[in-house]
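A.B. asks: Sharing a model that was predicted from the sequence below.
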Amino acid sequence: MARPIMIQGTMSGVGKSLLAAGLCRIFRRDGYRTAPFKSQNMALNSGITADGLEMGRAQVMQAEAAMTDPDVRMNPILLKPTTDTGSQVIVMGEVLGDMDARHYFARKKELFPTVMDAYRSLEAEYDIIVIEGAGSPAEINLKQDDIVNMGLAMRVGAPVLLAGDIDRGGVFAQLLGTQMLLEPAEQALLKGLIVNKFRGDKSILDPGVRMLEEQSGVPVVGVVPFMQLDLDEEDSLAPALTRTNRPPAGKPVEIAVVRLPHLSNFTDFGVFSRIQEADLRYVSKPDALGRPDMVILPGTKNTMEDLRWLRESGMADAVRGCEASGAVIFGICGGFQMLGRRIADPCGAETGGEAHGLGFLDTETVFATQKTRTRVQGRIGALPGTLGPLSGMAVEGYEIHMGRTESEEKAFSVIGQERDGNEAPDGAASGNVYGTYVHGVFDAPGVARRVVEVLAARKGVGLVLSGTPQDGGQRAYKEVQYDLLADTLRAHLDMDRIYRILEQGV
């Protein structure tokens, strides 16, 4: 039976996901079969397992860190927000339905047996399970029927390490206040405190650490420095998404991603941020778009609503201006759907009804109740326009979408499990406008670099891009980042004490 250890946080964004991933890599490198687990995740950035099931991106990342295959049991419940008060509820990788918050909380008890079945199944196959909590365990209005923080820790007998974010300030109040709001039985599970994202001279912090241990009666098992890592993040708290509408940085190539209200899978574009000659920025205001070399319409959890926002905000006209000036327009998934002539939702998969698309591509999309979920690989077809030099390059990634798009012109050929291993067309292109359903289309070796080169060449700038770690593709680059994460945590966490906590349990 696997031994569990749980990372909880004083709030969202304190670094739970990265701490859990780092421990997964450390334990695996120490010879233990390790799996991540998060019973309930809320995120628009999801991934697809080898068997075509959907799970949270953070647990995909943690599974990669643990050197094991992502498995939907590692994230049995995924909530994908569709409105301010509602989410699509995904259970064991399959869509259960759309629910508002009150309806979901009423049904949460019914889902806990599924959570426990998933956990017990993993428990029989691994040596260590690194569990990640969600938000804060001290949300006193949500503690009843909790299935993701202390409620789960008590059920599975997991010792808890509580992390606070010193970079935001008030870390001592964060940690002590959280402990104070826990019930005595919950406090008994708290075996270690972590001060995360520290910058500066640790000797200045040491008196505070000693006082924290005296006040809490719980050891501080590490002061972890602020890490400049490049790993997949989830949704709105990612730094790139909190710095929208900044001015261009004056680099040779400028790429602007439209910051849709329901943007999903923004990790599709991270590879461009690693190319020194490219400036990747997120834009939500028309006057901030300017004249970039490429505009990307990303994936979205609500295509119809975000299409309406594009028009009402003036972003649609701004994108048209970029296209008229010769910029490349690239849509992925929901962004691809928006580029067509028409989108219809006869079954009410989103808002129902139909809408005119932006009209850049001669395509029509019809939503269905069945979601397409598949990993794919293939090649880029014969592209027109600026991106023509990418024709024939290999691509791989995954698809998650509700709609089916019909087009006479196909820009990509992909092979997916859903297609029984047969090559099938995907995407469309016209002039300098391109679209595809393939998430991760830029991640294959050389693709992003080639995009930057041809965008520069279009305006007469010759680039010889310097060698970068991602030349071997996204997977090789991530491995370097996971090892750096693990090395940093091993240097700043008391791993001997953490192993004793694991062995002693609760």
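C.D. replies: Great, that's in hand.

A.B. asks: Can you give me the buried ones in the top helix by length along the chain?
C.D. replies: Secondary structure assigned by DSSP state H gives helix 101-123 as the longest helix of the chain. Buried residues in helix 101-123, defined by neighbour count with 16 or more other Cβ atoms under 10 Å: 104, 108, 111-112, 114-116, 118-119, 122-123. From N, CA and C alone the C-beta is placed, and that goes for glycine too.

A.B. asks: Can I get those residues in CSV including pLDDT and distance to residue 214?
C.D. replies: Listed next are the buried residues of helix 101-123 as CSV, based on pLDDT from 0 to 100; distance: Cβ to Cβ, whole Å:
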residue, pLDDT, distance to residue 214
104, 88, 41
108, 85, 38
111, 93, 41
112, 93, 37
114, 96, 42
115, 96, 37
116, 97, 37
118, 97, 39
119, 97, 35
122, 97, 37
123, 96, 36
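
A.B. asks: quick one: which of those is nearest residue 296?
C.D. replies: residue 104 (31.9 Å; Cβ to Cβ).

A.B. asks: one step back: okay if I get the buried residues of helix 101-123 as JSON lines plus distance to residue 321?
C.D. replies: Formatted as JSON lines, the buried residues of helix 101-123 follow (distance: Cβ to Cβ, whole Å):
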{"residue": "104", "distance to residue 321": "42"}
{"residue": "108", "distance to residue 321": "47"}
{"residue": "111", "distance to residue 321": "47"}
{"residue": "112", "distance to residue 321": "52"}
{"residue": "114", "distance to residue 321": "49"}
{"residue": "115", "distance to residue 321": "49"}
{"residue": "116", "distance to residue 321": "54"}
{"residue": "118", "distance to residue 321": "49"}
{"residue": "119", "distance to residue 321": "52"}
{"residue": "122", "distance to residue 321": "51"}
{"residue": "123", "distance to residue 321": "56"}
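
A.B. asks: Of those, which is the nearest to residue 338?
C.D. replies: residue 104 (28.4 Å).

A.B. asks: so the closest one touches residue 81, yeah?
C.D. replies: No - Residue 104 is beyond contact range of residue 81, at 11.2 Å (criterion: Cβ atoms under 8 Å).

A.B. asks: Overlap of the contact sets of these two?
C.D. replies: Listed as contacting both residue 104 and residue 81 by Cβ atoms under 8 Å, 6 or more residues apart in numbering are residue 87.

A.B. asks: and the chain, what are its domains?
C.D. replies: Under the assignment automatic domain parsing, the domains of the chain span 3-231+477-504, 253-462.

A.B. asks: Out of those domains, name the one with the poorest average pLDDT.
C.D. replies: Lowest mean pLDDT within the domains of the chain: domain 253-462, at a mean of 89.

A.B. asks: how long is that domain from one end to the other?
C.D. replies: 11 Å (Cα to Cα, to the nearest Å).

A.B. asks: circling back to that earlier point, residue 246 is nearest to which of the domains of the chain?
C.D. replies: Per Cβ to Cβ, nearest to residue 246 of the domains of the chain: domain 253-462, 5.8 Å.

A.B. asks: Centre of the chain to the closest one, how far?
C.D. replies: Offset of domain 253-462 from its chain centre (Cα atoms, centre = their mean, to the nearest Å): 18 Å.

A.B. asks: Would you confirm that residue 212 contacts residue 223?
C.D. replies: No - in this structure, residue 212 is not within contact of residue 223 by Cβ under 8 Å, at 10.4 Å.

A.B. asks: intersection of neighbour lists for those two?
C.D. replies: With Cβ under 8 Å, 6+ apart as the test, residue 212 and residue 223 both reach residue 195.

A.B. asks: What ranges does the stretch 351-500 of the chain have for its helices?
C.D. replies: Using DSSP state H, counting those that start in this stretch, the helices of the stretch 351-500 of the chain run over 447-458, 474-492, 495-504.

A.B. asks: just those: most buried one?
C.D. replies: helix 447-458 (a mean of 21; mean count of other Cβ atoms under 10 Å).

A.B. asks: Can I get that helix as PDB, trimmed to CA atoms?
C.D. replies: Extracted in PDB, the C-alpha atoms of helix 447-458 (Å, rounded to 0.1, in the frame of the first residue of the first chain):
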ATOM      1  CA  VAL A 447       8.100  24.200 -35.300                       C
ATOM      2  CA  ALA A 448       8.100  27.300 -33.100                       C
ATOM      3  CA  ARG A 449      11.600  28.300 -34.300                       C
ATOM      4  CA  ARG A 450      10.500  27.900 -37.900                       C
ATOM      5  CA  VAL A 451       7.500  30.100 -37.300                       C
ATOM      6  CA  VAL A 452       9.600  32.900 -35.800                       C
ATOM      7  CA  GLU A 453      12.100  32.600 -38.700                       C
ATOM      8  CA  VAL A 454       9.500  32.900 -41.400                       C
ATOM      9  CA  LEU A 455       7.700  35.800 -39.600                       C
ATOM     10  CA  ALA A 456      11.000  37.700 -39.400                       C
ATOM     11  CA  ALA A 457      11.800  36.900 -43.100                       C
ATOM     12  CA  ARG A 458       8.400  38.300 -44.200                       C
END
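
A.B. asks: what is the orientation angle of it with helix 474-492?
C.D. replies: With axes from the mean of the first three to the mean of the last three Cα atoms, to 10 degrees defining the directions, helix 447-458 sits at 120 degrees from helix 474-492.

A.B. asks: Please identify the helix or strand for the residue sitting furthest away from the middle of the chain.
C.D. replies: When distances to the mean C-alpha position of the chain are computed (Cα atoms, centre = their mean), the maximum falls on residue 214, with 37.6 Å. According to DSSP states H and E, residue 214 maps onto helix 202-216.

A.B. asks: and that helix, how far out from the chain's middle?
C.D. replies: With Cα atoms, centre = their mean, you get 34 Å for helix 202-216.

A.B. asks: Also stretch 114-133?
C.D. replies: Remark: stretch 114-133 is offset 21 Å from the chain centroid, using Cα atoms, centre = their mean.

A.B. asks: Any idea how far apart the tips of it sit?
C.D. replies: Across stretch 114-133, first to last residue, Cα to Cα, it's 17 Å.

A.B. asks: Next, the contact list for residue 371, please.
C.D. replies: So residue 371 contacts 54, 95, 400-402 (Cβ under 8 Å, 6+ apart).

A.B. asks: okay, those in a markdown table with distance to residue 463 and neighbour count next?
C.D. replies: Below are the contacts of residue 371 laid out as a markdown table (distance: Cβ to Cβ, whole Å; neighbours: other Cβ atoms under 10 Å):
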| residue | distance to residue 463 | neighbour count |
| --- | --- | --- |
| 54 | 38 | 22 |
| 95 | 44 | 18 |
| 400 | 33 | 21 |
| 401 | 34 | 21 |
| 402 | 39 | 23 |
